[in-house]
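1. Just the structure for this:
(3 chains)
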Amino acid sequence: MSSFFKLDNLVMQFGGLTAVNGFSLELRPGELVGLIGPNGAGKTTVFNMITGVYPPTSGTIHWLGQDLTGMPLHRITARGIARTFQNIRLFTDMSVLENVMVSFHQKIRAGFWSAMLGLPAYVREDQRIHREAMDYLQELGLAHVAEEKAGSLPYGRQRRLEIARALATQPKVLLLDEPAAGMNPQETMELANLVRELRDRHELTIFLIEHDMKFVMGLVERIKVLDYGTTIAEGTPAEIQGNPEVIKAYLGAPKHA
Amino acid sequence: MTATILLQQLINGISLGSLYGLVAIGYTMVYGILRLINFAHGDLLMVASYAAIYGVALFSLPWFVSFPLAIAFTGCMGIVLDRGAYKPLRDAPRISLLISAIGASFLLENMALVVIGGIPKGFPRPAMFAKVIDVLGLRIQVLTIYIPILTLIFLAGLLYIIYRTRVGKAMRAASVDFETTRLMGINVDRIIAITFLIGSSLAAAGGIMWALKYPQVNPFMGVIPGLKAFIAAVLGGIGNIVGAVIGGFLLGLGEIMIVALIPELSQYRDAFSFVILILVLLFRPTGIMGEPITDKT
Amino acid sequence: MAKSQRHLLLNLAGILLVFLVLLLFERHGSLYQVRILNNMAIFITLAVSYNLVNGICGLLHLGPNAFITIGAYTSALLTMTANEKMMNFIIEPLIWPLSVVHAPFVLSLLAGGLLASLFAFLISFPVLRVRGDYLAIVTLGFGEVVRVLCNAFQSVTNGPLGLKGLSPYTNLWWTWGVAIFTIAVTTKLVNSSYGRAMKAIREDETAARAMGIDPFKHLLLAFLVSAFFSGVAGGLLAHLITTISPTLFTFFFTFNLLIIIVVGGLGSTTGAVLGAALFAWGGEALRVVESPIDLGFLRIPGIPGMRMVIFSIILMGVIIFARRGMMGRSEFSWDALWARLHRPAR
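-> The predicted structure is shown next:
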């Protein structure tokens, strides 16, 4: 098929309110693309449509030649698109390690009965899952807190755990929803490096929402700007920085302040 | 079946349905503001009925004093219920709140059993309600006609409060978002208390009318009407007050008419409403008048 | 010795100890003590399987009484002889082939469990489409519908008269055997990858789905397993009390189970076991408050309902002031016991 990942004219209406009005985007393999815009511009809604949290009112989502439009969330994940959440949604009462192990469950080969009878096939698989989950934690610098409750982690580590958990579903496309929110400049810088590394190491295509302009500008290759549900600009970071529309959306409109 | 009997059953259905509707309003109001099924709501019917009995029997009050007092007492009980069982759990997981509600319901029922005993008590029925009149060749108890009329009067009063007064405005605001309502300087706890007061008073009125209609009062009398009223609220679209009354009418009518048309089904009468509930949840979870169910965060 | 082998050995030793205690009571215990022990094991089975849905998956399911009813009736109708059935069904005869089939106790229990699971499967489509308060009401509704059907289908259930004179097959070995089996299976499930998925759904359903987990599939799984053991326990109960009728399995029964798992700690199998044991013992002890007390010079009449008042207050007290119950979500483990035993020494 011609397109890798293609969003075509996505529209989302809630009652009378149009949250997103005609969002289109094509991602190329290995790209790092950012989505920015003022509060309430509809950025998270775009993510929610892609991942099937709610189906778009109109428009289509194509992925490796398949139509994903309206497919439920868990099946979309199974097809290789994973995400994190803006308002961290960990399994707070489970351990850090278990949080990551959950992500392997969708691909488990041993069936229910084999798990219940403790057959060697299941035991081996569970050990493998344990090992690989630890590898992801290692990669994100969380191995030493593997046995702690996810809810007891400090904020920055919770954000990393969200990424570890999404990575463990072994996606081809990773959607990050404000990964740097609430981090200090030092942490933000580390995160930017991490995102780049992860992309290279896991051959990911990353599409991220971010509020922190500096973070996005230094990280991504291409940016889309959303305001009031409409795409107002698109281009390289340098192009966006000089775009008067964008500046107006961020600074010029007092209602966003 | 003759037209007369059909008409008779129609009137019975409307009468029963308006009782369901009256009780359903309380469910819908509390659900609208707390997103909680107040399991103990049905038991307030029982509380009101006993209160009315004691007013008449123990304090020898005339009914027109005892009944309003019983309604006021039950309204206050509603506030106590909220303060005791629900307010401590405002920030707790939903499942805790619901379990507390179930506990409160059992507590009320069994307290009544302990204090009053399980033997049904007769309800004092003022002669003016028991009178039977002839209308178009039908013999109808006047109570059967009073019930829907009173229900509509209560509904009109309630709608006035909700759409024309400041308190009503605050209630509507609170049902959308607690935090914002609080930021606007409104005391949310007070608004919740008022919601319980109104909802419980209406349940009390329903309970007293129920007891006038079926004058046997026992500690568990509120369970079945409570469940059915809840179903009426879902049928009408939970959170919607007019919907609750319409749902009540439909459920009451449906129940009576099914039994009237197919007498073999009479032993399944109590299962009928649950079948309705399941059908509504399957095919139109928002009910007849409801807006989409949203999670209040 | 590897850790897992050591734990297996300790578990086996624990089970052996339980059976020694049972043997002691069977030989020397009073009827009253044996009855409490039987009730205890049945409540453990019920509470552990109920907790799987309510505590592990986080759904407020209020209809386990439906599963118990189905298990009890199925099992009873299978163990009764044709003659016993004829004597019971005096108003309307039992329909063929139920009137002639007959099965040994163990098969009747299995059938009871399987039928309860089948029922769970059938209702799962409406039930698992909704969540929270709605799920509570729908399951409560199904519990009621089953009771109404039991009353109405005289030619299958003998209606309100119920079934009398069942053979008292249930004994300590059956009840405790089933209880231990239920605990073992549930623990295995909860600790497996499937159990992790269930807990993830409880913690945050949207996030679990974003990790590729299909909620319906896993909640259904829990529902079926839970229904199976509830059905088996229903069969045990029927052959313990030897008389069943629709009034036995009302919402009250569910309420008791809810108290058990809330007091034990929602989400903890250990808690469900402790709660059930406490309930079976405490429930009997509390009968005192409902029976007349004769002090020789003074007679205090029994107060019906007092027990339920106390139970309701306990339930609300725990949920408001000590939401995590006895165990929270933690489980018993040999390692934890070991650590605790050795801490004072250091």
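2. And the strands in chain C?
-> Using DSSP state E, the strands of chain C run over residues C:293-294, C:299-300.
3. Could you tell me the least trusted of those strands?
-> If you rank these by mean pLDDT, strand C:299-300 sits at the bottom with a mean of 65.
4. ok, how many other residues are close to the residue lying closest to C:L236 once chain neighbours are set aside?
-> Among residues not flanking C:L236 along the chain, C:T170 sits closest, at 5.0 Å (Cβ to Cβ, 6 or more residues apart in numbering or on different chains). All C-beta atoms are positioned from the backbone trio N, CA, C, and that covers glycine. Residues contacting C:T170 under the criterion other Cβ atoms under 10 Å in any protein chain shown number 24.
5. any idea how far C:T170 lies from C:G283?
-> 18 Å (Cβ to Cβ, to the nearest Å).
6. what's the answer for A:T60, then?
-> 60 Å.
7. So which of these two has more stuff around it?
-> Taking neighbours as other Cβ under 10 Å, A:T60 and C:G283 compare with C:G283 leading, 19 against 15.
8. if I pick that one, what's in contact with it?
-> C:39, C:256, C:307 (Cβ atoms under 8 Å, 6 or more residues apart in numbering or on different chains).
9. What residues does the stretch 201-346 of chain C have near chain A?
-> C:203-204, C:206-215, C:221, C:329 (Cβ under 8 Å from any Cβ of the partner chain).
10. okay if I get those residues as JSON lines plus distance to chain B?
-> What follows is those, written out as JSON lines (distance: Cβ to the nearest Cβ, whole Å):
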{"residue": "C:E203", "distance to chain B": "11"}
{"residue": "C:D204", "distance to chain B": "12"}
{"residue": "C:T206", "distance to chain B": "10"}
{"residue": "C:A207", "distance to chain B": "14"}
{"residue": "C:A208", "distance to chain B": "16"}
{"residue": "C:R209", "distance to chain B": "15"}
{"residue": "C:A210", "distance to chain B": "17"}
{"residue": "C:M211", "distance to chain B": "20"}
{"residue": "C:G212", "distance to chain B": "22"}
{"residue": "C:I213", "distance to chain B": "19"}
{"residue": "C:D214", "distance to chain B": "20"}
{"residue": "C:P215", "distance to chain B": "15"}
{"residue": "C:L221", "distance to chain B": "20"}
{"residue": "C:R329", "distance to chain B": "12"}
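11. Now list the buried members of those.
-> In terms of neighbour count (16 or more other Cβ atoms under 10 Å in any protein chain shown), the buried residues within these are C:203-204, C:207-215, C:221, C:329.
12. Can you classify the closest residue to A:L68 other than its chain neighbours by secondary structure?
-> Once flanking residues are discounted, A:L68 sits nearest to A:I61: 4.5 Å by Cβ to Cβ, 6+ apart. The three-state label for A:I61, taken from DSSP: H, G, I helix; E, B strand; the rest coil, comes out as strand.
13. right, and the helix or strand after the helix or strand where B:G243 lies?
-> Using DSSP states H and E, B:G243 maps to helix B:241-261. If you walk from helix B:241-261 toward the C-terminus, the next helix or strand you reach (DSSP H and E) is helix B:269-283.
14. report the angle between the axes of that next one and helix B:241-261?
-> 130 degrees (axes from the mean of the first three to the mean of the last three Cα atoms, to 10 degrees).
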